[in-house]
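1. Below is the sequence, then the predicted model.
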Amino acid sequence: MQLPNPLKTPCFLQKLQWVIDPVSYMENAAQQYPDIFTGRIVGFGDTVVFVNHPQAIQEILSNDRKKFVAVGKMNKIGEPLVGEYSVALLEGTRHKQQRQLVMPAFHGERMRAYGQLICDLCTKVFNQLPLNQHFLARNLTQEITLQVLLQVVLGLNEGEKLQKLKHLLPQMLDLFRSPFSSSLLFFSFLQKDLGAWSPWGKFLCDRQQIDKLIYAEISERREQNDSDRIDILSMLMSATDEAGQPMTNQELRDQLMTLMVAGYETTATAMAWGLYWIHQKPLVREKLLQELDTLGDSPDPMSIYRLPYLTAVCNESLRIYPIVMFSFPRVVQEPVELLGHPLEPGTVTLPSIYLTHQREDLYPQPKEFQPERFLERQFSPYEFLPFGGGVRRCIGEALAIFQMKLVLATVLSHYQLALVDQRIERPQRRGFTLAPASGVKMVITGRRAPQESLVNMTTTPV
């Protein structure tokens with residue numbers, strides 16, 4: 001059966017462009033076929049139907065587990081990073097059970113407990129920076145995010161294991177910092193262990209050291225059996241399946257790696273993009289500062305979280321360059337029709353977050369950074385979906401948004417920052433994500449205190 005709107009570019013060139021410059025690949029295709037097209041890419045099989053029309057995305061995501069299914073093996077490309085028992089690779093009942101075990105850690109009182117921790121870590125990291133010295137914003141947001149994750153996920157806030165993981169995890173993931181080095185994930189024939197001096201050999205060596213530290217922590221926890229701990233590792237260790245069986249050490253390791261790898265790269269990049277856009281648009285920065293100043297000197301984290309303009313700024317940052325370009329692939333289970341195109345069972349569909357967020361009919365002037373669009377209308381989960389959707393929606397979404405808002409608010413409230421140059425920051429593949437190509441070069445020009453005239457305003461946003 002003819003798949004919808006197949007691209008004419010030779011297969012090998014499509015695969016190459018998808019890995020090296022995915023934004024151009026998708027935008028060029030969407031110019032020819034605005035709503036749906038078939039591409040030949042690498043990572044999810046060979047032939048994939050890209051979809052970016054909200055109606056079609058709703059059809060796919062609202063029929064999860066029925067007409068369209070997120071098959072775990074479609075995400076096997078991530079197995080070297082997260083392991084075979086990762087929730088990302090599980091499906092059906094096992095996937096549902098694992099999600100239910102982890103979800104409570106990202107909601108309610110747990111989230112509130114993380115609030116002050118995030119603000120304190122952010123201040124600690126930024127206070128170490130000298131004035132008028134260039135730095136890469138993404139490096140700093142990585143450091144903050146990593147420390148938050150090590151405390152929230154592993155419960156580590158001091159000691160040798162913490163220090164080693166703070167060094168090893170970024171070192172391992174930094175291998176995939178460019179489109180060319182990311183090709184190691186996409187082309188399995190490049191995954192050759194030629195010793196610690198070869199790229200893949202170095203990756204395996206770093207991963208082995210990280211595993212050793214994680215397994216040591218799991219072993220110590222099993223001996224301690226401390227029921228008062230509230231980190232995610234403790235929660236997972238106390239959980240059992242229907243047969244009353246706890247997770248094995250490898251299952252625990254794979255879930256921890258999934259949460260750390262997924263939460264670390266994505267959240268750090270989102271915050272770096274936020275800092276870039278806020279300082280690239282002086283009016284946005286001014287408006288945001290006015291809103292933040294209404295909260296006074298020591299605002300409660302939940303008050304920050306509820307600020308409407310800050311929320312709009314974060315949403316627009318996640319819209320214009322979504323960190324993850326697509327939702328999990330879904331495989332057609334029975335003959336269906338999508339936007340008038342018949343699809344047979346076995347067809348792989350890929351809801352494109354990036355292309356959906358760039359639609360003129362949803363977001364006029366989509367290349368322009370305009371937070372106001374999120375104050376003027378409400379977008380459906382099929383029009384704005386930076387964290388994917390359906391049964392595979394990002395499990396750490398709440399923590400990521402909470403962290404993004406608190407870090408941006410803390411930085412803006414206490415420091416005067418500027419971009420080192422005004423050149424437009426371009427998105428570039430970094431592993432599975434879209435990151436700022438230059439890392440967002442910034443400088444701290446001074447310290448800042450809330451404006452006294454605004455502190456006593458009575459129109460505090462809620």
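-> That came through, no problem.
2. Please count neighbours and contacts with C-alpha atoms only from this point.
-> Fine.
3. before we move on, which element is the closest residue to F50 other than its chain neighbours in?
-> In space, and not counting its chain neighbours, F50 is closest to L350: 4.8 Å by C-alpha to C-alpha, 6 or more residues apart in numbering. Per DSSP states H and E: L350 is located in strand 348-351.
4. For the next helix or strand after that strand, name the packing helices and strands.
-> As assigned by DSSP H and E, the chain's next helix or strand after strand 348-351 is helix 353-357. Applying 3 or more C-alpha pairs under 8 Å, 6 or more residues apart in numbering; DSSP states H and E, one finds that helix 353-357 makes contact with helix 22-32, helix 308-320.
5. how far does helix 353-357 sit from the chain's center?
-> Here helix 353-357 is found 15 Å from its chain centre; the criterion is C-alpha atoms, centre = their mean, to the nearest Å.
6. How far does stretch 168-185 sit from its chain's centre?
-> Its chain's C-alpha centre and that of stretch 168-185 lie 16 Å apart, by C-alpha atoms, centre = their mean.
7. any chance you could map the strands in the stretch 201-350 of the chain?
-> Using DSSP state E, counting those that start in this stretch, the strands of the stretch 201-350 of the chain run over 330-332, 336-338, 341-343, 348-351.
8. And for the residue nearest to F50, the neighbour number?
-> 23 (other C-alpha atoms under 10 Å).
9. Test my guess that it contacts F326.
-> Yes: contact criterion C-alpha atoms under 8 Å: L350 and F326 qualify, at 6.6 Å.
10. in the protein, which strand has the most residues?
-> strand 441-447 (DSSP state E).
11. Okay, now the sheet partners of that one, with direction.
-> strand 135-136 (antiparallel), strand 415-419 (antiparallel) (DSSP bridges).
12. Present those as TSV; the columns should include distance to V19 and mean pLDDT.
-> TSV is the format used below for the strands paired with strand 441-447 (distance: least, C-alpha to C-alpha, whole Å; pLDDT from 0 to 100):
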stretch	distance to V19	mean pLDDT
strand 135-136	24	96
strand 415-419	29	96
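13. re the thing from before, okay, now the sheet partners of the strand holding L350, with direction.
-> Short version: by DSSP bridges, strand 348-351 pairs with strand 47-51 (parallel), strand 330-332 (antiparallel).
14. then that strand to PDB, C-alphas only?
-> Provided in PDB are the C-alpha atoms of strand 348-351 (Å, rounded to 0.1, in the frame of the first residue of the first chain):
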ATOM      1  CA  VAL A 348       5.100   3.400  12.300                       C
ATOM      2  CA  THR A 349       3.700   6.800  13.000                       C
ATOM      3  CA  LEU A 350       5.700   9.600  14.600                       C
ATOM      4  CA  PRO A 351       3.800  12.600  16.000                       C
END
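15. on that earlier part again, any chance of the strands paired with strand 441-447 in JSON lines with mean neighbour count as columns?
-> What follows is the strands paired with strand 441-447, written out as JSON lines (neighbours: other C-alpha atoms under 10 Å):
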{"stretch": "strand 135-136", "mean neighbour count": "17"}
{"stretch": "strand 415-419", "mean neighbour count": "19"}
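16. Report the contact partners of S317.
-> Taking C-alpha atoms under 8 Å, 6 or more residues apart in numbering, we find S317 in contact with 270, 273-274, 277, 369.
17. Then Q191?
-> 184-185, 200.
18. Of the strands of the stretch 201-350 of the chain, which is nearest M172?
-> M172 lies closest, by C-alpha to C-alpha, to one member of the strands of the stretch 201-350 of the chain: strand 348-351, at 27.9 Å.
19. The closest one: how far from the chain's middle?
-> Chain-centre distance of strand 348-351: 19 Å, with C-alpha atoms, centre = their mean.
20. What are the contacting residues of that strand?
-> Contacts for strand 348-351 (C-alpha under 8 Å, 6+ apart): 44, 47-52, 57, 326-332.
21. Mind doing that once more with 10 Å?
-> The contact list for strand 348-351, computed with C-alpha atoms under 10 Å, 6 or more residues apart in numbering, reads 36-38, 44-54, 56-58, 60-61, 68-71, 74, 325-333, 343, 382, 385, 388-389.
22. just to revisit the earlier point, make CSV out of the strands paired with strand 441-447 and add distance to F432.
-> Shown next, in CSV, are those (distance: least, C-alpha to C-alpha, whole Å):
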stretch, distance to F432
strand 135-136, 21
strand 415-419, 26
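23. For P10, which of the ones you listed is the nearest?
-> It's strand 135-136; of the strands paired with strand 441-447, that one is closest to P10 (C-alpha to C-alpha) at 38.1 Å.
24. and I214, how many residues sit next to it?
-> Neighbours around I214, by other C-alpha under 10 Å: 22.
25. Run a quick check on it versus E251, I expect a contact.
-> No: look at I214 against E251 with C-alpha atoms under 10 Å: they stay out of range, at 11.7 Å.
26. Quickly list what's touching both of these two.
-> Contact criterion C-alpha under 10 Å, 6+ apart; residues bridging I214 and E251 by contacting each: M257.
27. Measure how the helix or strand containing A113 sits relative to strand 441-447, angle-wise.
-> Secondary structure from DSSP H and E places A113 in helix 108-127. Helix 108-127 runs at 90 degrees relative to strand 441-447, counting by axes from the mean of the first three to the mean of the last three C-alpha atoms, to 10 degrees.
28. Going by neighbour count, which residues of helix 108-127 are buried?
-> Buried positions in helix 108-127, judged by neighbour count with 16 or more other C-alpha atoms under 10 Å: 111, 114-115, 117-119, 121-123, 126.
29. Not counting its own residues, what contacts that helix?
-> The contact list for helix 108-127 (C-alpha under 10 Å, 6+ apart) reads 104-106, 140-141, 143-145, 147-149, 151-152, 230-231, 300-302, 304-305, 398-399, 402-411, 414-415, 444, 447.
30. is it true that L146 touches L259?
-> No: between L146 and L259 there is no contact under C-alpha under 10 Å: 11.1 Å.
31. Alright, calling it a day.
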